[in-house]
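**Student:** structure here, sequence nowhere to be found:
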Ligand SMILES: [Zn+2]
């Protein structure tokens, strides 16, 4: 079954007898999320013909909550970027109610903003990575797209929490989503990182400031907050991301699955040629770069790790001062469908990637930051593991904005 | 030339841990099974899988480290050792590089001159084993087959400081290390069966200097003996290089056990090690460590001291009884049945162990249980049998389930100690061998041996030799 949106459509969907919050909801997962018996090629020739042998934990939990799985959506190569991705279109076009996709540098949120739907990247460590064909293990996070915030909450509740097949999740799992974790009626505050604001064009800035005044109108105190070394986010993401990607892609050697180049004289040659033929240009450049840091410039990688912990620490402190940090999710000029070099990708995702570096939960709301460049998406970033509170705050903002019309 | 130089040797020892399952999945750890039987999506590293570190491996690795007197680190972590080879389907091996499990251990060894030496252990770290490659070169196209049964097997790597100076020290160190680790129960440490692999780093320098010169790594030794031989060969080879003015370059050499030489394998490649993001950092709480520590048995050195004190053994006998944990436990069980402990030690070392080795049995599997051996030794102590009969009975106790009493009675092994019965035998022997008697009286002491032999034969070996000799000398005198 071929389409622009789906790689695989389940033609014989079994009747889901599970009874849960997702009964009646149609769901799709990106082709980097394993569904037993389905082709799970993750948009890569390195996985051509690969059929998953087990369900990802998130898939199992969607089913357990009653969702019906419609198919899997097209993915950019190993989820790196948004070129040809189908998840946003699947939700926006009403093919499904919710879609899951991996978010490594902001792909899920950018897709949501571009499609005008909600996008939620949970805190790193809230959702099991088992079954996710990942690229950057310390940043990849299975994220949720939906037209309704309520659907995001229900899916998140269904898929989150401890999993003995992903021991990198914190143990014991944090308490489950409960209304008491919401913000209640207390006054709320939002921070805007100065460097982020200064980096916007005048058109983007105007659209974003209009959204900020809307927030103030419903009683949220907005203020500029300092963030030392904020400009290091892209380079830290780039160095660490490429090193981890270089390791993760080591398994794509054409020996057991995926594409194997024909006619090699020995296995070294087979590796080189299979990998050369399997990977696309931006990913290849990314892997080269990661290998270079691994083999030749390890000190740069170590330094990036040190700066990352500083950034995480600072982010944590900021969230003691404000409830959420806000920004647009994308630039007006960001053309995710064209970004095809490492540099273009980092440029396009500059507003979303900080949350992957720090592992914080982020939600993008549609329709609040709009300009001629389209919907830029309002991005709300919460404290690490403050996922419930963040969703609660978003709910309250939407309700109050609606009330004030 | 050779008098002026000394060798500097460090060892890297891989030891396979005794675990039910592999290190990052729940596949059974039985590498010898039919190829690729013990595999799963994790140890095949199919996309989407994540390592699930095994607590059992941690516990065994801690026991091995404690057996080498190492300090267990409060925090340790896994790194990815990156290299591409078909025995490693994910392109990196999970190993501990930046933060090893244990550090700063040591072992005391006795060198050839009887001097005690301390060999320092730099670190002990955990790692997963890689798959096994089988190369088939017969047929038109040579093929390489991969067996994943071994992939993910739990290992520790033990790295010594370069404290060893000759092949003898290295062999003694390995024997000592094997004994310590076997005692802890964490590994079998058999080089022959592949549960222990040893690489040696060898360099030479002017005697008395403290510099470190370019080292050469030697691999592929399959016994302690061949480790010794390979090191000895390599030291001589390097000294000759020095004489010939050839530079020594960093590389790896393989020991060829047939030709008994080392030959160059490849330039030494050290892949990078980056922290693994998916295996959580290992934090060892002191309560947990104390709990594991209680599982470490009394170690050979202390046990030997106790055997000297408590059982009155010589140090040598005590050390022999402590060479294996199972042997020491066997000895104690026999001695605690009320047998003279020296007699027990002598018989275990001199008779029991050689017999079991010959029959490919161990003290724990043999029918020669401690109480059966103790029963036999008690009869010997009470002069109810003589020692040659005892040796024969020993074989029968091992070879059958029959009770000791039945074996002794049915075989007629009971010793003849009744004086009048023996006197009659002696009288008859003297009467039948007048020329020997005459020779003896002329001063040929050899004749006594002959007469004793005749008398012993007449009792079919069952005479109490001490009593027989007493009667014989009295009658001849
Ligand atoms: Zn396995």
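**Tutor:** Yep, it's here. Bear in mind that the values here come from a model prediction, so they are computed numbers and not experimental data.

**Student:** before we move on, which element is residue B:377 in?
**Tutor:** helix B:370-381 (DSSP states H and E).

**Student:** what is that helix packed up against?
**Tutor:** Counting contacts by 3 or more CB pairs under 8 Å, 6 or more residues apart in numbering or on different chains; DSSP states H and E, helix B:370-381 is packed against helix B:325-335, helix B:341-347, helix B:387-399, helix B:404-410. Glycine gets a C-beta too; all of them are placed from N, C-alpha and C.

**Student:** gap between the two ends of stretch B:160-174?
**Tutor:** With CA to CA, to the nearest Å applied, stretch B:160-174 spans 11 Å between its terminal residues.

**Student:** what's the average pLDDT for that stretch?
**Tutor:** Computed over stretch B:160-174, the mean pLDDT rounds to 95.

**Student:** and that stretch, how far from the chain's centre?
**Tutor:** Stretch B:160-174 has its C-alpha centroid displaced from the chain centroid by 16 Å (CA atoms, centre = their mean, to the nearest Å).

**Student:** outside of it, which residues touch it?
**Tutor:** Stretch B:160-174 has contacts (CB atoms under 8 Å, 6 or more residues apart in numbering or on different chains) with B:6-13, B:107, B:109-112, B:117-122, B:198, B:200-201, B:203, B:212, B:224-225, B:227-229, B:231-232, B:235.

**Student:** now do 6 Å
**Tutor:** Contact with stretch B:160-174 is made by B:6-11, B:109, B:111-112, B:119-122, B:224, B:228, B:231-232, as judged by CB atoms under 6 Å, 6 or more residues apart in numbering or on different chains.

**Student:** which ones among the residues you listed lie within helices?
**Tutor:** For these, the ones inside helices are B:224, B:228, B:231-232, with DSSP state H as the criterion.

**Student:** and the residues you listed as JSON lines, adding pLDDT?
**Tutor:** Formatted as JSON lines, those follow (pLDDT from 0 to 100):
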{"residue": "B:224", "pLDDT": "95"}
{"residue": "B:228", "pLDDT": "95"}
{"residue": "B:231", "pLDDT": "95"}
{"residue": "B:232", "pLDDT": "94"}
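
**Student:** low-confidence ranges, chain B, go.
**Tutor:** B:1-3, B:266-270 (pLDDT under 70).

**Student:** list, one by one, the residues from it near the ion.
**Tutor:** B:25, B:27, B:40, B:42-43 (CB under 5 Å from the ion).

**Student:** show me where the stretch 201-350 of chain A has its helices.
**Tutor:** For the stretch 201-350 of chain A, helices defined by DSSP state H, counting those that start in this stretch occupy the ranges A:202-217, A:233-248, A:267-278, A:281-295, A:298-321, A:342-348.

**Student:** and the last one, what does it pack against?
**Tutor:** Under the contact criterion of 3 or more CB pairs under 6 Å, 6 or more residues apart in numbering or on different chains; DSSP states H and E, helix A:342-348 touches helix A:281-295.

**Student:** the helix it packs on vs chain B: in contact?
**Tutor:** Yes: using CB under 6 Å from any CB of the partner chain, helix A:281-295 reaches chain B at A:294-295.

**Student:** returning to what we had before: report the buried residues of the helix holding residue B:377.
**Tutor:** The neighbour-count check on helix B:370-381 (16 or more other CB atoms under 10 Å in any protein chain shown) flags B:370, B:372-380 as buried.

**Student:** got the residues you listed as a markdown table, with distance to residue B:287 columns?
**Tutor:** Listed next are these as a markdown table, based on distance: CB to CB, whole Å:
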| residue | distance to residue B:287 |
| --- | --- |
| B:370 | 36 |
| B:372 | 43 |
| B:373 | 42 |
| B:374 | 41 |
| B:375 | 45 |
| B:376 | 47 |
| B:377 | 45 |
| B:378 | 47 |
| B:379 | 51 |
| B:380 | 50 |
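
**Student:** so which of the residues of chain B next to the ion is the most crowded?
**Tutor:** For the residues of chain B next to the ion, the largest number of neighbours (other CB atoms under 10 Å in any protein chain shown) sits with residue B:43, at 26 neighbours.

**Student:** from the ion, how far off is residue B:449?
**Tutor:** Distance, residue B:449 to the ion, using CB to the ion, to the nearest Å: 69 Å.

**Student:** pull the number of nearby residues for that residue.
**Tutor:** Using other CB under 10 Å, residue B:449 has 11 other residues around it.

**Student:** just residue A:327 next, same as before
**Tutor:** Residue A:327, neighbours per other CB under 10 Å, totals 26.

**Student:** and it, what are its bridge partners?
**Tutor:** In this entry, residue A:327 is beta-bridged to residue A:379, by DSSP bridges.

**Student:** how about chain B: which residue is closest to chain A?
**Tutor:** Residue of chain B nearest chain A, by CB to the nearest CB: residue B:91 (1.8 Å).

**Student:** tell me the contacts of the nearest residue in space to that residue that is not next to it in sequence?
**Tutor:** In space, and not counting its chain neighbours, residue B:91 is closest to residue A:250: 1.8 Å by CB to CB, 6 or more residues apart in numbering or on different chains. Contact partners of residue A:250, counting by CB under 6 Å, 6+ apart, are B:90-92.
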